[in-house]
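*Asks:* The sequence and its predicted three-dimensional model are supplied below.
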Amino acid sequence: MSLIPWLRWNEAPRLSSRRPADTVLETLMMELAGQMREAERQQWERGNAVSKICTGVDYSWLASAPRPTYDLSPGERLQLEDVCAKIHPSYCGPAILRFRQLLAEQEPQVQEVSQLFRSVLQEVLERMKQEEEAHKLTRQWSLRPRGNLALATFKTRARISPFTSDIRTISEDVERDMPPPLRTWSMPEFRAPKED
């Protein structure tokens, strides 16, 4: 017995050679297949419960008939794989959570699961597009030149001092019977620098 495999514990872990898009595609399609099997099982159990109620006798222990399984058509599978390939890896988890939430709310038939999955993927793609546009706008605004001369000259002429000690308080004005100044008390006081 060789000890070489045991001595490799300190090697750096090998990263997967698969692309993230392939992982997302495989994860989403496995989720769809699992949820379709679950919907099919629930549909079969509901059918058995109805037949048990109608006949009054449970023969399910006697013989288990092979269940017919529902499978996607190759064209529909390819379309779903194409849409799944467009999903960014960071949106894979939220897409699965939304899909499970809709399945729990609606309890669809097994034939309806793929349409529900497609609608969730379309929602995620729309959200990705909206966030990309918002990111593009913020990047555009952040890269815009800041050559606003009016604001620059205002900064040099005026100084904002929100915590100056010579700001009168309301109680001082009441004690002196003076009318309050016209500015709002919650706003900082703007003053031009004093020239000597």
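*Replies:* Yes, it's here. Residues are numbered from 1 along each chain as shown.
*Asks:* From now on I want contacts and neighbour counts done on CA atoms only, so please keep to that.
*Replies:* OK.
*Asks:* which strands and helices sit next to the host helix or strand of M29?
*Replies:* Secondary structure assigned from DSSP states H and E places M29 in helix 20-55. Taking 3 or more C-alpha pairs under 8 Å, 6 or more residues apart in numbering; DSSP states H and E as contact, the helices and strands that helix 20-55 lies on are helix 74-85, helix 92-106, helix 113-142.
*Asks:* Apply 6 Å and report the result again.
*Replies:* In terms of contacts (3 or more C-alpha pairs under 6 Å, 6 or more residues apart in numbering; DSSP states H and E), helix 20-55 is packed against helix 74-85.
*Asks:* relative to helix 92-106, how tilted is the helix it packs on?
*Replies:* Helix 74-85 runs at 130 degrees relative to helix 92-106, counting by axes from the mean of the first three to the mean of the last three C-alpha atoms, to 10 degrees.
*Asks:* Of all the residues in helix 74-85, which ones are buried?
*Replies:* L80, C84, A85 (16 or more other C-alpha atoms under 10 Å).
*Asks:* quick one: contacts of it?
*Replies:* Applying C-alpha atoms under 6 Å, 6 or more residues apart in numbering, the external contacts of helix 74-85 come out as A21, L25.
*Asks:* now the helix holding M29 and helix 92-106, what's the angle there?
*Replies:* 10 degrees.
*Asks:* can you pull the buried residues of helix 20-55?
*Replies:* Applying 16+ other C-alpha under 10 Å to helix 20-55 flags 21, 24-25, 27-29, 31-33, 35-37, 39-40, 42-43 as buried.
*Asks:* ok, of these, which one's closest to Q122?
*Replies:* Minimum distance to Q122 across these is 13.3 Å, recorded for L28 (C-alpha to C-alpha).
*Asks:* ok, and the closest non-adjacent residue to that closest one?
*Replies:* Excluding the flanking residues, the one nearest L28 by C-alpha to C-alpha, 6 or more residues apart in numbering is C84, at 6.8 Å.
*Asks:* Next, find the distance separating the one you found from A49.
*Replies:* Taking C-alpha to C-alpha, to the nearest Å as the criterion, C84 is separated from A49 by 36 Å.
*Asks:* what does stretch 23-30 rub up against?
*Replies:* By C-alpha under 6 Å, 6+ apart, the residues outside stretch 23-30 that reach it are C84, A85, P89.
*Asks:* can you give me the mean pLDDT across that stretch?
*Replies:* Averaged across stretch 23-30, pLDDT comes to 92.
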